[in-house]
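>>> Kindly return the folded structure for what I paste below:
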Amino acid sequence: MIVEGNSVRSITRMTGVCQEPILKLLCDLGAACAKHHNSAVRNLTSQRIQCDEVWSFCYSKDKNVPTARKEFAGSVWTWVAIDADTKLIVSYLCGGRDADWACSFMEDVASRLTTRIQITTDGHRAYAEAVEGAFGMEVDYAMLIKLYGAPSDKLTRGTALRSASGHAQPR
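Numbers count the residues shown, from 1 in each chain. Sure thing, here's the model as predicted:
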């Protein structure tokens, strides 16, 4: 029912089971899935890995977290490494967004691979040191930095570029 988008409270109403066993089942299932992923996703021969981090929050956003809950609530970042060809999630880690978390994440990624790979990340500075620490010189690493804004020239979608010979070339 969770997979179908139902909340724990709605599952409680539909099944007549209280929240505690439903939440326990979710925790047990999550632990089993994590254990399976950790043992099964090993010795990979991936060629291209894309890494990114996704922000969320636990309990409330940082500015609204009560003092008593500061240690267990607020921003949470999910670090994800995805095989660009197969879309397999090679590694994931939930935590902070600093260099220590980046290093832990990249060390886990490196432990799952058997071949030299190409890694692409966004411009988050913590990646540079973490990739070098985990892979040394045995990696091809690139940061992809996207620039958003108005186009600087008159070309728009659907227009073709012309070569010196005057023939249209696809963009």
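>>> contacts and neighbour counts: CA atoms only from here.
OK.
>>> if you skip the residues just before and after it, what's nearest to the residue positioned nearest the centre of the chain?
Of all residues in the chain, the one closest to the mean position by C-alpha atoms, centre = their mean is Val80, 2.5 Å from it. Of all residues not flanking Val80 in the chain, Tyr92 sits nearest, at 4.5 Å (C-alpha to C-alpha, 6 or more residues apart in numbering).
>>> Show me the shaky parts of this structure.
Counting by pLDDT under 70, the low-confidence segments of the chain come to 152-171.
>>> re earlier: what does the helix or strand where the residue nearest to the centre of the chain lies contact?
Assigned by DSSP states H and E, Val80 falls within strand 74-83. Outside strand 74-83, the residues that touch it by C-alpha atoms under 8 Å, 6 or more residues apart in numbering are 46-62, 65, 88-97, 105, 109.
>>> cool, stretch 105-120 as well?
Here stretch 105-120 has contacts from 41-51, 79, 81, 90-93, 130-131, 133-135, 138-144, using C-alpha under 8 Å, 6+ apart.
>>> So which bits of it are buried?
Going by neighbour count (16 or more other C-alpha atoms under 10 Å), the buried part of stretch 105-120 is 105-110, 112-113, 116-120.
>>> buried sites along the helix or strand hosting Gly30?
In the assignment (DSSP H and E), Gly30 maps to helix 19-40. Neighbour-count burial for helix 19-40 flags Ile22 (criterion: 16+ other C-alpha under 10 Å).
>>> who does it touch, helix- and strand-wise?
helix 8-15 (3 or more C-alpha pairs under 8 Å, 6 or more residues apart in numbering; DSSP states H and E).
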